[in-house]
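A.B. asks: Give me a 3D structure for the following:
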Amino acid sequence: MKCPECTKADSDWTHDVYRMQCLQCCARLVAAAQPLHMETILQKIASYPGAPGRDAILECVLQVLTKTP
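C.D. replies: Numbers count the residues shown, from 1 in each chain. Next up is the predicted model:
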């Protein structure tokens, strides 16, 4: 089940609110980041209580980026 922020982002590509406890939100945030900032963003996400792990986020990003339209 998607969180409310992911649901909004599906219909509005400009929606840039993220829940740090949601794997899909974290993956959207990392995927949208400039390459030089990705590591910093992953570290910031890790500082939130209940945040998904780095490996899970990167796996989700990979799945999103390799998904065929």
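A.B. asks: how many neighbours does the residue lying closest to Leu23 once chain neighbours are set aside have?
C.D. replies: Distances taken as Cβ to Cβ, 6 or more residues apart in numbering place Pro52 nearest to Leu23, at 4.4 Å, with adjacent residues excluded. (C-beta placed from N, C-alpha, C; glycine too.) Pro52 sits with 20 neighbouring residues when counted by other Cβ atoms under 10 Å.
A.B. asks: Could you say which helix or strand holds Pro52?
C.D. replies: Assigned by DSSP states H and E, Pro52 falls within no helix or strand.
A.B. asks: Identify the residues contacting it.
C.D. replies: By Cβ atoms under 8 Å, 6 or more residues apart in numbering, the contact list for Pro52 reads Gln21, Cys22, Leu23, Cys26, Ile45.
A.B. asks: Return the subset of those residues lying in helices.
C.D. replies: Among the contacts of Pro52, the members falling in helices (DSSP state H) are Leu23, Cys26, Ile45.
A.B. asks: And those, which is closest to Val61?
C.D. replies: Nearest to Val61 out of the ones in helices among the contacts of Pro52 is Cys26 (Cβ to Cβ; 8.7 Å).
A.B. asks: Test my guess that that closest one contacts Cys6.
C.D. replies: No. In this structure, Cys26 is not within contact of Cys6 by Cβ atoms under 8 Å, at 10.4 Å.
A.B. asks: Compare these two (neighbour count), which wins?
C.D. replies: Legend: neighbour count by other Cβ under 10 Å for Cys26 and Cys6, higher for Cys26 (27 against 19).
A.B. asks: Now the more buried one: closest residue in space, sequence neighbours ignored.
C.D. replies: Ile57 (4.8 Å).
A.B. asks: For the helix or strand the one you found falls within, what does the pLDDT average out to?
C.D. replies: Here Ile57 sits within helix 54-66, counting by DSSP H and E. The average of the pLDDT scores along helix 54-66 is 92.
A.B. asks: mind listing what's buried in that helix?
C.D. replies: Buried residues in helix 54-66, counted by 16 or more other Cβ atoms under 10 Å: Ile57, Cys60, Val61.
A.B. asks: likewise stretch 39-48?
C.D. replies: Residues Ile41, Leu42, Ile45 are the ones in stretch 39-48 that count as buried (16+ other Cβ under 10 Å).
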